[in-house]
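Peer 1: Coordinates for the following, if possible.
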Amino acid sequence: MLKEKPIGKVVHWYDKLGVAVVKLNKALKVGSQVKVRRGEQEFTDTVTSMQLDHKSVKAGKKGEEVAIKVSQQVKEGAEIYAIK
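Peer 2: Below you'll find the predicted structure:
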């Protein structure tokens, strides 16, 4: 079974861009697999791009708010889990 660790929470959603702003409580890297969950809604995704202050970055650190592209709509308050 996959072990899940919550690594952040969605604080904003840009509908037209398909981008979620995530407040991280653990580091996250581009290429990581994540699970997005809010209530009954849940899907897995791969982080293909990440931005910090409108600049592309390869990773985000604890405490940062990073924008990540996701394949499905998410709502504010959704939790992000790392999949190991």
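Peer 1: so who does the closest residue to residue 31 other than its chain neighbours touch?
Peer 2: Nearest-residue entry for residue 31: residue 47, 6.5 Å, with adjacent residues in sequence omitted and distances by C-beta to C-beta, 6 or more residues apart in numbering. All C-beta spots, glycine's among them, are computed from the backbone N, C-alpha and C. Counting by C-beta atoms under 8 Å, 6 or more residues apart in numbering, residue 47 makes contact with 28, 29, 30, 31, 32, 33, 34, 68, 69.
Peer 1: ranking those residues by neighbours, who comes first?
Peer 2: residue 68 (27 neighbours; other C-beta atoms under 10 Å).
Peer 1: Could you check the pLDDT of it?
Peer 2: pLDDT, residue 68: 97.
Peer 1: hey, what's it bridged with?
Peer 2: residue 20, residue 50 (DSSP bridges).
Peer 1: what does residue 28 give?
Peer 2: Bridge pairing for residue 28 - DSSP bridges - gives residue 60.
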